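> generate coordinates for the sequence data below:
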Amino acid sequence: MKSRPSAIKSPVRDAGIVTDRNDKAESPSVRLDISNTSLPGGKGRKLVSPFEPHSETIEARVSRSRSDKVTAPEKKITLFALRLAILEKAASGLGTLAFVWATVVLLGGFAATLEKEDFWVVSIILLTEGARIFSRSHELEWQHETTLISAPTLIGDAKWLSRRFHINGNNFILRRICGCFKHKKIQSPKINIREKNSAVENPDLLKRTWSLSRIQLVPYTGWLSISRNASQMLFWLQLVSALTCVALSLFRLASNDFGADSGSDIKNRNAALYIFYGLSLAEALLFLLEKAYWQWKIIVRKLLLQVNTEYGFTDSELPTVRRFFYDAYSQCVNGSVFDGLKMEFVSYSLELLQSSVADRQLTGARVLSTLVNKDEFAEDTLRAIVSVRDVMERLIEMLNLKNYQEQEIRRAAAEIISKLVKKDRNRVRVTAIAGSMESIASLLYDSKQIEIHSREYGDAYNYSVFSMLGLRILKSLAIEHENCAKIGSSRGLLPKIIGLTELNPNAPESQIKTAELALELMRMLAGSTGSTGKALRRGISEIVFTISNLRDVLHYREVTTHGLQILAIDTLTSLALEEEGRESIGGTGGVLRSLFSAFSMEGINITRGSGDDETRELVRKAGETLALLSLENKQNCRRMMSLKLPKNSRNLIASLISALDDPIRGFHAARILRNLCSYSEADYVELRKITATAAKVLKFVMEKRGEHQEAAIGLAAQIFKFITKSDFDCLFEEPGGITRRSLILELIKVFGRHPRPSKQFPSIRRFSMELLIGVMEMDRVAIISSLTMEMRSELEEALEAVMETTSELESYSTFSGSVGLSRHRLPISSLVQSAMDLLGD
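From the prediction side, this is the model:
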């Protein structure tokens with residue numbers, strides 16, 4: 001009978017969501033673990049700034065083998081089976097010898113001379129031993145079969161009988177004897193609850209097939225002939241036979257009266273009887289010793305339960321452990337005593353998984369799912385799984401099971417695959433299976449899919465668990481660049497992923513976690529490099545719900561961390577690498593305002609979340625996204641300039657100018673202001689306010705280093721496009737301020753610190769050249785006259801050195817991996833030539 005799947009594990013617990021509850025009945029707060037937000041999916045490709053080129057190679061991860069190998073718990077079972085088999089074979093050997101001795105020597109040679117008492121004792125012993133041997137040969141078969149339906153064990157049945165016979169004494173026995181001849185509805189005395197529920201859920205199964213636990217072998221005999229009790233009855237038959245043999249053998253040996261032994265025809269008769277009774281006694285005692293050892297290990301020492309606990313199995317897997325023991329014992333008994341030692345639990349579970357019987361498949365999937373989630377057993381289990389291609393194909397096939405009764409086996413298969421694809425070598429094996437992507441995609445349930453599926457199964461199906469498992473699998477696969485292309489080309493998969501990023505107010509914890517996983521996956525896909533990344537970003541941007549869902553995530557404030565907002569901003573940053581993406585983001589209402597709010601910390605409590613580090617990360621990423629959106633996009637610059645900030649706030653330009661002094665937001669604000677100055681179509685009055693910050697920006701040029709200096713030099717070069725000649729002269733005439741000579745000298749030092757294009761600061765030499773040209777065009781005579789001959793010679797040498805070391809790296813402002821995306825309108829060589837011409841003239 002097909003067992004009803006046990007309760008699906010809580011999606012909240014499986015997803016890693018932690019809820020904080022106090023003693024009072026309050027709504028829980030959600031804390032998301034985003035410790036890996038700096039990496040796409042936590043591992044693999046590192047997420048870097050789009051303004052810097054980076055390598056596309058994946059960091060090598062060295063798998064450390066466990067030096068302290070854990071002994072497999074099933075070794076205890078196979079060793080126990082070996083010892084039992086030795087006792088069993090020894091007893092069987094003595095029994096066979098006693099049987100041959102009795103039939104050939106006693107009944108064949110001394111049948112006529114045997115005393116009547118000895119004749120009947122020998123006959124009874126032979127009959128009882130024959131019954132025992134027959135029952136023994138079939139007992140394991142019944143025990144083996146009953147484990148498929150979680151039937152009580154041999155020991156459990158014995159304990160049950162002892163309890164039942166103890167109740168009500170002789171009255172109970174009398175009622176049972178009478179009840180055997182009453183025709184009534186058969187009902188097992190200890191039917192498993194899961195079995196009963198399965199019958200209710202799947203009535204067709206009962207109509208077409210017999211349940212082994214309910215077959216009545218002999219009609220009108222009540223519970224005595226129910227097939228699930230057959231092994232129990234065989235056990236008692238063996239026990240009674242052995243005890244009878246011991247009693248009769250001891251009785252005859254103790255009496256020591258076998259009749260006269262003086263005639264020639266009865267010579268050696270007594271010796272033959274002594275041998276027979278001795279063999280029978282030894283055989284029966286060995287059998288009883290075997291049973292006593294069995295009872296001791298199973299009942300007292302609880303061997304099977306101990307192994308079940310060591311593996312971390314639940315009670316539903318205990319029949320599987322018991323079945324494994326019976327199979328190991330059968331192999332030791334039927335073949336060599338050492339055959340059972342070759343059995344191990346992983347291969348045994350793989351055989352169950354490949355079975356055509358649904359219950360066996362479920363059992364194998366349960367066991368394998370538990371093993372791959374245990375650190376000490378995961379590596380060996382995964383290695384065994386991938387070594388058999390049929391098992392991999394069967395697991396992929398199980399992902400397509402959608403009936404309610406099959407959801408547990410489907411969940412177990414998904415958990416196994418989610419562990420498999422964490423290993424680099426296994427990802428290729430999974431994706432090489434035909435239809436694997438479609439099968440994995442079937443695990444995802446967005447709101448539309450849930451609506452369709454719930455029409456047939458209602459709300460009992462645990463959609464969030466399968467969605468999270470599917471997203472985890474896809475995240476692991478997306479670490480490989482080639483798999484990102486397969487995910488993007490799979491029909492209907494991208495819309496499903498994007499649909500799972502939808503967040504509603506007061507969303508349950510499982511939906512929040514699902515959205516987080518979907519955002520992590522979408523960030524990985526959008527951050528792909530090369531032509532694959534370009535196609536994925538275009539495909540993601542073309543889905544009409546993408547940007548609006550990301551905007552809703554930016555507005556979401558139901559969690560106590562900024563993790564969801566950071567993931568959404570990372571995705572927007574990757575989409576903004578493409579011109580179409582920048583236009584879609586800027587044209588979606590509320591996105592720019594949300595990004596500016598995050599950048600300026602408006603409406604966000606800085607004390608919330610996991611600390612200042614996370615808040616700084618949010619601010620940094622928001623500023624980076626805004627700088628990218630304003631790059632070479634006149635429409636977005638216009639939208640930003642016309643953006644209305646909340647009341648009692650500075651306007652956009654004033655807010656950005658005030659942020660220049662901030663150590664976190666400063667260089668991002670400088671980048672945004674530079675883009676606004678460079679790509680705004682109209683001559684906005686607000687932009688001219690930037691000229692008031694010229695002295696501050698030049699101070700940053702002189703004092704800052706690295707990316708802060710790069711951004712300050714770029715902004716200073718654009719400021720001089722708006723500054724007047726009088727303001728320019730005043731800028732360098734302030735007492736104790738920056739002079740023309742000191743500015744040129746700092747630019748010479750910049751060229752000296754960066755003799756070649758820098759991957760960390762690819763635009764610093766270009767911006768320095770633009771600034772040099774800007775100040776020389778503003779007042780060339782004053783600039784040249786302020787330079788000594790030595791300084792002028794150094795400047796000329798620096799310009800010549802830049803001309804000799806220019807590269808394509810300096811021709812782009814944004815990068816996807818090592819591929820340049822946004823190309824500058826003028827090559828740096830033209831700028832260098834213009835500067836040299838101005839200096840030479």
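
> now name the helix or strand holding the residue nearest the centre of the chain.
The residue lying closest to the centre of the chain (C-alpha atoms, centre = their mean) is residue 418, at 4.5 Å. Using DSSP states H and E, residue 418 sits within helix 407-420.

> with only the CA atoms kept, save that helix in PDB.
Extracted as PDB, the C-alpha positions of helix 407-420 are listed here (Å, rounded to 0.1, in the frame of the first residue of the first chain):
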ATOM      1  CA  GLN A 407       4.800  15.600  -3.000                       C
ATOM      2  CA  GLU A 408       7.100  14.100  -0.400                       C
ATOM      3  CA  ILE A 409       9.000  12.000  -2.900                       C
ATOM      4  CA  ARG A 410       9.300  15.000  -5.100                       C
ATOM      5  CA  ARG A 411      10.600  17.100  -2.200                       C
ATOM      6  CA  ALA A 412      13.200  14.500  -1.300                       C
ATOM      7  CA  ALA A 413      14.400  14.300  -4.900                       C
ATOM      8  CA  ALA A 414      14.700  18.100  -5.100                       C
ATOM      9  CA  GLU A 415      16.700  18.200  -1.900                       C
ATOM     10  CA  ILE A 416      19.100  15.600  -3.200                       C
ATOM     11  CA  ILE A 417      19.600  17.500  -6.500                       C
ATOM     12  CA  SER A 418      20.100  20.700  -4.600                       C
ATOM     13  CA  LYS A 419      23.000  19.100  -2.800                       C
ATOM     14  CA  LEU A 420      24.300  17.500  -5.900                       C
END
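
> distance of residue 322 from residue 363?
11 Å (C-beta to C-beta, to the nearest Å). Where you see a C-beta, it was placed from the backbone N, CA and C, and this is true even at glycine.

> again, but for residue 822
Taken as C-beta to C-beta, the span from residue 822 to residue 363 is 57 Å.

> of these two, who's got more company?
Neighbours per residue, other C-beta atoms under 10 Å: of residue 822 and residue 363, the larger number sits with residue 363, 26 against 19.

> can you list the low-confidence ranges for the stretch 351-500 of the chain?
455, 457-460 (pLDDT under 70).

> residue ranges for the helices of it, please.
Across the stretch 351-500 of the chain, reading from the start of the chain, the helices by DSSP state H, counting those that start in this stretch fall at 358-372, 375-386, 389-398, 407-420, 424-431, 436-441, 447-457, 463-477, 481-489, 493-499.

> want to try CSV for those helices, with distance to residue 80 as columns?
As requested, the helices of the stretch 351-500 of the chain are arranged in CSV below (distance: least, C-beta to C-beta, whole Å):
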stretch, distance to residue 80
helix 358-372, 19
helix 375-386, 20
helix 389-398, 28
helix 407-420, 28
helix 424-431, 34
helix 436-441, 40
helix 447-457, 44
helix 463-477, 37
helix 481-489, 46
helix 493-499, 50
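
> just the ones you listed: most buried one?
When these are scored by mean count of other C-beta atoms under 10 Å, the highest mean neighbour count falls to helix 463-477 (a mean of 26).

> tell me the angle of it relative to helix 424-431?
120 degrees (axes from the mean of the first three to the mean of the last three C-alpha atoms, to 10 degrees).

> for helix 463-477, packing partners?
For helix 463-477, the elements it packs on are helix 11-15, helix 407-420, helix 424-431, helix 436-441, helix 447-457, helix 481-489, helix 509-526, judged by 3 or more C-beta pairs under 8 Å, 6 or more residues apart in numbering; DSSP states H and E.

> let's have the ones you listed in a markdown table, adding distance to residue 533.
Conversion of the helices and strands packed on helix 463-477 to a markdown table gives the following (distance: least, C-beta to C-beta, whole Å):
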| stretch | distance to residue 533 |
| --- | --- |
| helix 11-15 | 28 |
| helix 407-420 | 25 |
| helix 424-431 | 18 |
| helix 436-441 | 18 |
| helix 447-457 | 27 |
| helix 481-489 | 8 |
| helix 509-526 | 8 |
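
> for the closest residue to residue 815 other than its chain neighbours, which three-state class applies?
Computed as C-beta to C-beta, 6 or more residues apart in numbering, the closest residue to residue 815 that is not its neighbour in sequence is residue 53, at 4.2 Å. Under the three-state scheme (DSSP: H, G, I helix; E, B strand; the rest coil), the conformation of residue 53 reads as coil.

> neighbours of residue 53, how many?
As a burial measure, residue 53 scores 21 neighbours (other C-beta under 10 Å).

> and what of residue 807?
A count of neighbours around residue 807, defined by other C-beta under 10 Å, yields 10.

> for residue 128, find the nearest of the helices of the stretch 351-500 of the chain.
With C-beta to C-beta as the criterion, residue 128 lies closest to helix 358-372 of the helices of the stretch 351-500 of the chain, at 36.8 Å.

> and the gap between residue 470 and residue 95?
Residue 470 sits 58 Å away from residue 95, going by C-beta to C-beta.

> just residue 309 next, same as before
When distances are taken as C-beta to C-beta, residue 309 and residue 95 turn out to be 37 Å apart.
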